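Visitor: Build the 3D model from these lines:
(one chain, ligands or ions: 1)
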Amino acid sequence: MPKKDRSFTAKLAHEVRTIAHENCPVCGKDRVPVVHYASVTDDQGNWRPQRRRIKLCDCNRKQIYG
Ligand SMILES: [Zn+2]
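Guide: Residues are numbered from 1 along each chain as shown. I've put the predicted structure just below:
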């Protein structure tokens, strides 16, 4: 395997670890970054999707998904 490929895999593994390492300050469990879509109404009364990047864990799962 070329050296270049190995370093790329190592970089990827490091990034995955960095994301997974983030803990919730409330429950101490791992928080999972997700993209959440919600329907919001603008000034003209039109529905449109709103995209939010959030960190999901057991604490806020009910607030977000109902
Ligand atoms: Zn939590």
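Visitor: quick one: what helix or strand has the residue nearest the centre of the chain in it?
Guide: Centroid-nearest residue in the chain: Pro33, 1.3 Å away (criterion: C-alpha atoms, centre = their mean). Take DSSP states H and E as the rule and Pro33 turns out to sit in strand 32-41.
Visitor: For that strand, which residues meet the burial criterion?
Guide: Residues of strand 32-41 classed as buried by neighbour count (16 or more other C-beta atoms under 10 Å): none. Bear in mind the C-beta positions are built from the backbone N, C-alpha and C, glycine included.
Visitor: how big is the angle separating the next helix-or-strand element following that strand from strand 32-41?
Guide: The helix or strand immediately downstream of strand 32-41 is strand 47-56, counting by DSSP H and E. Strand 47-56 runs at 160 degrees relative to strand 32-41, counting by axes from the mean of the first three to the mean of the last three C-alpha atoms, to 10 degrees.
Visitor: And the contacts of strand 47-56?
Guide: With contact meaning C-beta atoms under 8 Å, 6 or more residues apart in numbering, strand 47-56 is reached by 22, 24, 31-42, 60, 64.
Visitor: which of these come close to the ion?
Guide: Intersecting these with the surroundings of the ion, defined as C-beta under 5 Å from the ion, gives Cys24.
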